[in-house]
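Engineer: any chance you could fold what I've pasted below:
(chains A and B)
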Protein chains: 2
Amino acid sequence: MGGDHGASVTVPAALAILDKQPELKLILVGRRERLAQELARHNAAESERLVIRHAGEVVEMDEPPAQALRGKKDSSMRVAVNLVKEGAADAAVSAGNTGALMATARFVLKTLPGIDRPAIVTTLPTIRGHMHVLDLGANVDCTPEQLLQFAIMGSILVSATEGKERPRVALLNVGAEEIKGNEVVKKAAVLLRASHLNYCGYVEGDAIFTGDMDVIVCDGFVGNVALKASEGLAQMISHFMKQEFQRNLFTRLAALVALPVLRAFRRRVDHRRYNGATFAGLNGTVIKSHGGADALAFEFAILEALSEVRNRVPQRIGAELAALHGQGQPA
Amino acid sequence: MGGDHGASVTVPAALAILDKQPELKLILVGRRERLAQELARHNAAESERLVIRHAGEVVEMDEPPAQALRGKKDSSMRVAVNLVKEGAADAAVSAGNTGALMATARFVLKTLPGIDRPAIVTTLPTIRGHMHVLDLGANVDCTPEQLLQFAIMGSILVSATEGKERPRVALLNVGAEEIKGNEVVKKAAVLLRASHLNYCGYVEGDAIFTGDMDVIVCDGFVGNVALKASEGLAQMISHFMKQEFQRNLFTRLAALVALPVLRAFRRRVDHRRYNGATFAGLNGTVIKSHGGADALAFEFAILEALSEVRNRVPQRIGAELAALHGQGQPA
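Structural biologist: Numbering: from 1, shown residues only, chains lettered A, B, ... in the order given. Modelled structure (predicted):
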């Protein structure tokens, strides 16, 4: 399960969510000794619902994906994805190296027929609730056809997990007018207009947070930069706010009075609640947790996996694509 | 000067900054009657330092740039840029239609030798101060050579207006490792490493707000989306904060106590202080104010123009490019 903090985060997260989700069973993949030790530290042990599966190698956070894929066939990441492939697990959740996890997932599980490359989807908070954006970095150069595939995958993900019948889908662009954008976006717009999706046109970057759309589609370069820029801004705002409230005795007292309000505010924008990005377009469910996730955040990533398995997201995407290509019926 | 609010913003901004900058002279370009009326409303009139120049047409905010360029030769925007061309003004500041202003500026002033296309540069706040990012939407598809030109322009802008000798320049990318990114960014990195600039490598989106760099370079699509996404997030945060402080009697009282702190915080992230984007790479200084700017924000846009004129930014960029192409010496 990995990540920056390893078992010290994943084990308490696993124990906490098993308490809340009585149907859930978890397989902890990693060094048996380390995992057993962490379980013991929490007065827990293996059980019918919580099994350790030993994996001797670890993919480092900065290891090149190709090297991890070729050289570490007994890494926790590889073993976890193999379990999904074999049907021994319904989903894999990892906080490890994103590139290596994506390369491993693609190699082991393969993409669904009709999907060129998987996309990374995340949920983000908005003024009115939340929305989904993809791709977030798996694909730095995209064709218009790939953007259409992303739109289909995002739309099915939202309708399957949230019961929305016609999710509103938009293309991220530098303006709302038809003449705006680069060639790829313009051609993708033509494909989206001709599709059966609820395509609502172009939106600009600020629309990510307004809540007017359910799914916003972009190439991985743009999506990654927009997400990281937003993270950077949020950190700066939080930094300034702390500084101002710690300036002197009066501001510290003001902070004390305002504490419940500031806490309520912080809960609303708590990024941990949105942890767990989906690798969409694979023959199976793989969820990527933020590398720096704490136990609560990692719980949310497991919850996302559970929701996608329960709602048969990969199967629905597969069926939809098969129908599109005249090989079957949509789910 | 235009924008969403027209003379009701630009006139008070002009009067306020003339008071603060004794060397400054301003030409108000627009409908004479309207401008004179607005001056009178502020108990002011034309003077040696404040002249009205009549222009009969207005470019609408949603008008296609080509149409504005061809059809409105007496627009305030066109007349203002003409004044720069003729040497009657040192800079033009407008809050009008960005695309039309860029098309007009390029057509009238032309780009500097060695510059394919101008870029839009803006200043953004960071944890440690502020930084510059370009391009913000003038160029949705860029070549590696154009990204190099952006880097040169950004670097000169910072060294000229802030006296920094070796501004730190970075390329915006989806990861800091050398293998990350698309082909254009990778080729631009090769050009930047070979240049005389203080090139510091790739940065991710969050670096926009950390203050580790002075200049961050990206294509206009990515820059525009990152900026707008950040604006959207800032609006969402502000909205949530207001909601939480207005929730009930207790939170309203807490807001009252925390008010001075919240005001100090707000001042630090006040986007009005960063108003005024530079159209870099032209034979002359053109500054674009946000369309929705208020008088204080518009003052900052005029101040940016003043700083660039005083520091001879276009001349320095021109000299640097001439030196690069073996036709002269850098400024």
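Engineer: which of the three states applies to A:Tyr199?
Structural biologist: strand (DSSP: H, G, I helix; E, B strand; the rest coil).
Engineer: need phi/psi at A:Lys25.
Structural biologist: A:Lys25 adopts backbone torsions of phi -120, psi 140, taken as degrees, to the nearest 10.
Engineer: how about the residue lying closest to it once chain neighbours are set aside, phi and psi?
Structural biologist: Of all residues not flanking A:Lys25 in the chain, A:Arg49 sits nearest, at 4.7 Å (CB to CB, 6 or more residues apart in numbering or on different chains). Quick note: C-beta positions are derived from backbone N, CA and C, even for glycine. Backbone torsions for A:Arg49, taken as degrees, to the nearest 10, come to phi -100, psi 0.
Engineer: need the contact list for A:Arg49.
Structural biologist: By CB atoms under 8 Å, 6 or more residues apart in numbering or on different chains, the contact set of A:Arg49 is A:Leu18, A:Leu24, A:Lys25, A:Leu26.
Engineer: can you list these in a markdown table and add secondary structure, neighbour count and pLDDT?
Structural biologist: Listed next are the contacts of A:Arg49 as a markdown table, based on DSSP: H, G, I helix; E, B strand; the rest coil; neighbours: other CB atoms under 10 Å in any protein chain shown; pLDDT from 0 to 100:
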| residue | secondary structure | neighbour count | pLDDT |
| --- | --- | --- | --- |
| A:Leu18 | helix | 17 | 97 |
| A:Leu24 | coil | 18 | 97 |
| A:Lys25 | coil | 13 | 97 |
| A:Leu26 | strand | 22 | 97 |
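Engineer: closest to chain B out of those?
Structural biologist: A:Leu26 (30.6 Å; CB to the nearest CB).
Engineer: so the closest one sits against A:Arg53, correct?
Structural biologist: No: counting by CB atoms under 8 Å, A:Leu26 does not reach A:Arg53; the two are 10.3 Å apart.
Engineer: what's the farthest-apart pair in the contacts of A:Arg49?
Structural biologist: A:Leu18 and A:Lys25 (8.2 Å; CB to CB).
Engineer: find the residues that touch each one of those two.
Structural biologist: Joint contacts of A:Leu18 and A:Lys25 (CB under 8 Å, 6+ apart) are A:Arg49, A:Leu50.
Engineer: quick one, strands of the stretch 101-250 of chain A?
Structural biologist: Assigned by DSSP state E, counting those that start in this stretch, the stretch 101-250 of chain A shows strands spanning A:119-126, A:129-134, A:168-172, A:198-203, A:215-217.
Engineer: most neighbours per residue, which of those?
Structural biologist: Most buried of the strands of the stretch 101-250 of chain A, by mean neighbour count (mean count of other CB atoms under 10 Å in any protein chain shown): strand A:215-217, with a mean of 30.
Engineer: near chain B, which residues of the stretch 51-200 of chain A?
Structural biologist: A:62, A:64, A:125-127, A:137, A:140-141, A:172, A:174-175, A:177, A:179-183 (CB under 8 Å from any CB of the partner chain).
Engineer: in helices only, show me these.
Structural biologist: A:Glu183 (DSSP state H).
Engineer: can you say which of the residues of the stretch 51-200 of chain A next to chain B are buried?
Structural biologist: A:Pro64, A:Pro125, A:Thr126, A:Gly137, A:Val140, A:Leu172, A:Val174, A:Gly175, A:Lys180, A:Gly181, A:Asn182 (16 or more other CB atoms under 10 Å in any protein chain shown).
Engineer: tally of neighbours for the closest residue to A:Asn198 other than its chain neighbours?
Structural biologist: Once flanking residues are discounted, A:Asn198 sits nearest to A:Arg166: 4.1 Å by CB to CB, 6+ apart. By other CB atoms under 10 Å in any protein chain shown, the residues close to A:Arg166 number 12.
Engineer: you'd agree A:Arg166 is up against A:Tyr199?
Structural biologist: No: the criterion here is CB under 8 Å, and A:Arg166 misses it with A:Tyr199 at 10.2 Å.
Engineer: report pLDDT for the residue nearest to A:Lys25.
Structural biologist: Per-residue confidence (pLDDT) for A:Arg49: 96.
Engineer: quick one: the helices in the stretch 1-150 of chain A?
Structural biologist: In the stretch 1-150 of chain A, the segments counted as helices under DSSP state H, counting those that start in this stretch are A:7-20, A:32-41, A:65-71, A:76-86, A:98-109, A:144-162.
Engineer: which other helices and strands contact the second one?
Structural biologist: I take that to be helix A:32-41. Packed against helix A:32-41 by the contact rule (3 or more CB pairs under 8 Å, 6 or more residues apart in numbering or on different chains; DSSP states H and E) you find helix A:7-20, strand A:50-54.
Engineer: if we can go back for a sec, of the buried ones among the residues of the stretch 51-200 of chain A next to chain B, closest to A:Arg273?
Structural biologist: A:Pro125 (7.7 Å).
Engineer: quick one, what contacts the closest one?
Structural biologist: Residues near A:Pro125 by CB under 8 Å, 6+ apart: A:Phe209, A:Arg268, A:Val269, A:Arg273, A:Tyr274, B:Met236.
Engineer: please report how far the second one lies from chain B.
Structural biologist: So the one you mean is A:Arg268. 5 Å (CB to the nearest CB, to the nearest Å).
Engineer: do you know the pLDDT at that residue?
Structural biologist: Per-residue confidence (pLDDT) for A:Arg268: 82.
Engineer: that one contacts B:Arg247, doesn't it?
Structural biologist: No: with contact defined as CB under 8 Å, A:Arg268 does not count as touching B:Arg247 (11.3 Å).
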